[in-house]
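# A predicted structure for the sequence below; I have some questions about it.
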Amino acid sequence: MTKDPRIQEIKSRLRLEMNGVASKSMRDSGMAYGLNFGVGLQALKEIAGETVPDGSLAIALWKENIRECKMLAALLYPVQEFQPDLADLWVQEIQWPDLAQVCSMYLFSRMNQASVTAFRWIASDAEMVRYCGFLTISHLLRQGREMSPSYVSELKDQAQTVMAEGHPLVAMAARTAMDCLDSNGKE
């Protein structure tokens, strides 16, 4: 248990925002976080907006076995300081789609070398790592990032492979990435 007063303050705020119905619903659907306050993304973004971004705070929050602390870690880590080697560690710990979505949108897609990292992830054997890779690529494409023809070819190959394998979550993310690619006129 941490004694950092910033984390204690954040946990107190999370308790005030707690949504027991949402928490129970997530638990009933199999999302077994160590602790889940059921706080929505908008409230988390408000908390993050009231907190000074700080890498050490984000790392401490990530280490908490609490859904909302991990999400806040992604919202509070200064993206210009976040490095692919740390992303590789974090992505291995992600077990649930909601955390993957927040990390991919707000942190992974904005870090240095995001595309290189995401393409490495989509070639992984780990389902959630692949999911994060496709989500990150989707966000990069939505941000208007250009892809070289070799990256476009690799994305298409990996997406076809994933869709044929029958992993519904990863296949959905791969389809989203392909749709983003189509929207950018790369098909």
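Cool, the structure landed. Numbering: from 1, shown residues only.
# what's the span of stretch 118-128, first residue to last?
End-to-end distance of stretch 118-128: 12 Å, with Cα to Cα, to the nearest Å as the criterion.
# Could you give me the buried positions within that stretch?
In terms of neighbour count (16 or more other Cβ atoms under 10 Å), stretch 118-128 has its buried residues at 118-119, 121-122, 124, 128. In this view, the C-beta of every residue, glycine as well, is placed from N, C-alpha and C.
# and what of stretch 152-168?
Quick answer for stretch 152-168 (16+ other Cβ under 10 Å): 155-156, 158-159, 162-163.
# Quantify the burial of the nearest residue in space to residue 62 that is not next to it in sequence by counting its neighbouring residues.
Of all residues not flanking residue 62 in the chain, residue 73 sits nearest, at 4.0 Å (Cβ to Cβ, 6 or more residues apart in numbering). By other Cβ atoms under 10 Å, the residues close to residue 73 number 24.
# Can you report phi and psi for residue 73?
In terms of degrees, to the nearest 10, the main-chain angles of residue 73 are phi -60, psi -40.
# so what's it up against?
Contact analysis of residue 73 by Cβ atoms under 8 Å, 6 or more residues apart in numbering lists 58-59, 61-62.
# Against residue 170, how distant is it?
23 Å (Cβ to Cβ, to the nearest Å).
# Spatially, which two of the buried residues of stretch 118-128 are the most separated?
119 and 128 (16.4 Å; Cβ to Cβ).
# what are the ranges of the helices in this protein?
5-17, 20-28, 41-49, 55-63, 67-76, 84-93, 97-106, 114-122, 127-142, 149-165, 168-183 (DSSP state H).
# Of all those helices, which one comes closest to residue 35?
Of the helices of the chain, nearest to residue 35 by Cβ to Cβ is helix 67-76, at 7.1 Å.
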